[in-house]
Structures are given as C-alpha cells and as structure tokens.
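Undergrad: Starting from these lines, generate the structure:
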Amino acid sequence: MTASDGKAPAAHRVVRAALRGHMDAARAAAYRVVCAHPDPEAVHDFRVALRRIRTVTRASRDLYGKRAMAAAEATCRQYGDLTGALRDAEVLADTLAAASLGPPERVAAERWLTEVRSREAVMRERVVARLAGHELEAGFVALEARLGRKPKRITTLADFGAACLARARAAILERLPVTEGQPEQLHRLRVRFKRLRYTAEMLVGFSPALDDDKKGRRMRRAWADTARHARHMQGHLGRLNDAAQARRLLQGAISLPPERRRRLDRGLLELGVDLERTSFAALADLPASVAGPSHRRVAVATATDDAV
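TA: Sure thing, here's the model as predicted:
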C-alpha cells in the first residue's frame, strides 16, 4: 500500500499540520516570556516548542528539501541558544535544593542564588528584546511558505515513522559506550535521548491518522512506549546535566568566599555522582525497543576499557 492509493495517510500532510501547530505553540510561549509578569514555565515551554519544530523539520528533510528545513532548524536553534543560560539560571534553585548541604552551605547557596537572580533579570531583558523583533516570525513565515508548496517526496506515514525512529536510535548507539566521570559524554547522550523522545512523541501525535488500521494502532502503542522510556532516560540525564551546569555557574560566584565555593562545589559534585549512578542503572535497564537490542552490551564503559 502506497501513500498515493488513498488508504495509507501521506506523511507530508500530517507533518504540515504538526509544524503549524508547533509554530503556534512557540508563538504563544514567546508571548508569555515577554509579558510584564511572565510565568515560571514560559521559557521552558518556548524551548520545548522550538525543539519539537526542530525534530519535525530534521525528520522532514526528505519530504520538503534539506535547505528549507535546515533554515528553519537554524532559526529555532538560534533562539534555543539565546534562552539556554536563562533556563540554567531558572533551574539552579531546584538543583541546589537536591544537594546535601550543611547549614553554612545553605546560607552560602541562598546568597549565591540572590546574585544569580540579579543576572537572570538582565538575561531575561535580552531575551525579551530579541523576541520583540521579527526574526523568529520571519523564520516561521518562510517555513509556512515551503509547507504550502508541493513536497519533494511522497511516502506513507508508517514508512516515514519507521525511518525516523531508526535514525534516532542509531544516533544513541553512536554515543555509546559512556564512561563514568565524563559529563560531556553524558550531555551528548542526553541530547540524543531528547531527540528520540521528541521523535517518538512526534509520531504519537501523528498516529491518530493511523487509528483505522490495526497495524497502525500497534505502531502507535510502540511509539508511545518508546517516548515514555526516552523521556524517563532524558530526565535522569537532565538532572545530571543540571548539576554539572550548576558547578560551572558556581565558578563565577564572585560574592562567595573561596572556601564557601569549595564546599558548595563539593556538595554539587556528590549530587552529580549520585545522579550519574542512577543514570547508568536506568541506561542499563532500558528495553531493547528503545535504543536497539545491542545497547545493553555497550551501555557503560569503565575508564580503562578499550572502547573509551
């Protein structure tokens, strides 16, 4: 059965509707960011909407052309980078709350948070000023124009979904094995699991178009299961990354005496060790349907392994 026989849903029609929905979500979240009294999740929701757009455009290069989709990805990446430091500052309080700190270190942490929040206000002003311009909307208009033209390739949604997941899983295996005490490796792996999660969630969002078919419903359940496990793994690695980011931010805590900085850093380091241990256990326990049947064999390497 082909996409042109009138029975199997064509991927490009579902992709087009999804991208329009994600662009509307990004616009709505951007408006919340620039409001005089922004809600605490606005930046997060804006970044999520941008990631979803990037996931769909990356997956759709064969459908609509690499150049047009890469331009949309670049626009979203630019605004993601713009808001990254602001989001790191926003989650710092939660990271510090999770660390085992004594009373003196808690006092120092509160002092540091006050310093970070003063810089956060400046970062937010820069983000708001950028969002008040027209660059993001211009990128969305260009993407909308491409979506309104004929796709370069016609394929079924089922074939499209299978190819997307295969690429996302292969990208994870490229980042394995990971080594204890190597936060940059784990950061890159986190990005790949995030991509797998958003790819699977993208397909789940597409899948109502398959509900009239028993095989399509099975695919939908499998995609939802992959999304759930990838989201779980991303959560572990995300908290670990937050702890690593907090340690980097701490180096600029000029209001703290050196000894207080060292003690805070020790607490964050211990938190990172615990989170790394939890992340490795979760990685080894992933079902084969998520990252492929061979991932357990190569999931974790020690610092002395030849694979490092």
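Undergrad: Let me see the residues that make contact with stretch 106-120.
TA: 86, 89-90, 92-93, 96, 101, 249-250, 253-256, 260-261, 263-264 (Cβ atoms under 8 Å, 6 or more residues apart in numbering). C-beta here means a position set from N, CA and C on the backbone, and glycine is covered the same way.
Undergrad: Can I have the buried ones of these as a PyMOL selection?
TA: Only the buried members of those end up in this PyMOL selection, burial being decided by 16 or more other Cβ atoms under 10 Å:
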select buried, resi 86+89+90+92+96+101+249+250+253+256+260+261+263+264
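Undergrad: Can you show me the strands along the chain?
TA: 178-179, 300-301 (DSSP state E).
Undergrad: What is the first one packed up against?
TA: It stands for strand 178-179. helix 183-206, strand 300-301 (3 or more Cβ pairs under 8 Å, 6 or more residues apart in numbering; DSSP states H and E).
Undergrad: Quickly run through the sheet partners of that strand, with directions.
TA: strand 300-301 (parallel) (DSSP bridges).
Undergrad: Low-confidence stretches in the stretch 1-150 of the chain?
TA: The stretch 1-150 of the chain contains residues with pLDDT under 70 at 1-8, 36-38.
Undergrad: so which of the helices and strands packed on strand 178-179 is the most packed in?
TA: Most buried of these by mean neighbour count (mean count of other Cβ atoms under 10 Å) is helix 183-206; its value is a mean of 21.
Undergrad: Which strands and helices lie in contact with it?
TA: helix 11-34, helix 42-59, helix 157-174, strand 178-179, helix 214-250, helix 258-284.
Undergrad: and that helix, average pLDDT?
TA: Average pLDDT, helix 183-206: 88.
Undergrad: going forward can the numbers begin at 36, since that is how I track them
TA: Sure, I'll start numbering at 36, so the last one becomes helix 218-241.
Undergrad: So what angle separates the directions of it and helix 46-69?
TA: 120 degrees (axes from the mean of the first three to the mean of the last three Cα atoms, to 10 degrees).
Undergrad: OK, contacts around the spatially most central residue of the chain?
TA: For the chain, residue 229 is the residue whose C-alpha lies nearest the centre (Cα atoms, centre = their mean; 4.3 Å). Counting by Cβ under 8 Å, 6+ apart, residue 229 touches 86, 265, 269.
Undergrad: what's the spacing between the second one and residue 254?
TA: Computed as Cβ to Cβ, to the nearest Å, the residue 265 to residue 254 distance reads 16 Å.
Undergrad: Looking at these two, which one has more neighbours?
TA: With neighbours defined as other Cβ atoms under 10 Å, residue 265 and residue 254 compare such that residue 265 has more, 26 against 21.
Undergrad: The more buried one and residue 232 touch, don't they?
TA: Yes: with contact defined as Cβ atoms under 8 Å, residue 265 reaches residue 232; the gap is 3.7 Å.
Undergrad: sorry, back to before: what's the closest of the contacts of residue 229 to residue 55?
TA: residue 86 (16.5 Å; Cβ to Cβ).
Undergrad: Need the nearest residue in space to the closest one, chain neighbours excluded.
TA: Distance criterion Cβ to Cβ, 6 or more residues apart in numbering; nearest residue to residue 86, sequence neighbours excluded, is residue 233 at 5.7 Å.
Undergrad: Quick check: residue 271 touching residue 314?
TA: Yes: the pair residue 271 / residue 314 is scored as a contact, 4.2 Å apart, by Cβ under 8 Å.
Undergrad: Comparing the two, which residue is more hemmed in?
TA: residue 314 (24 against 20).
Undergrad: State the distance from the more buried one to residue 224.
TA: 9 Å.
Undergrad: Share the number of residues neighbouring residue 200, please.
TA: Neighbour number of residue 200 under other Cβ under 10 Å is 22.
Undergrad: so who does it touch?
TA: Contacts of residue 200 by Cβ under 8 Å, 6+ apart are 231, 234-235, 238, 258, 261.
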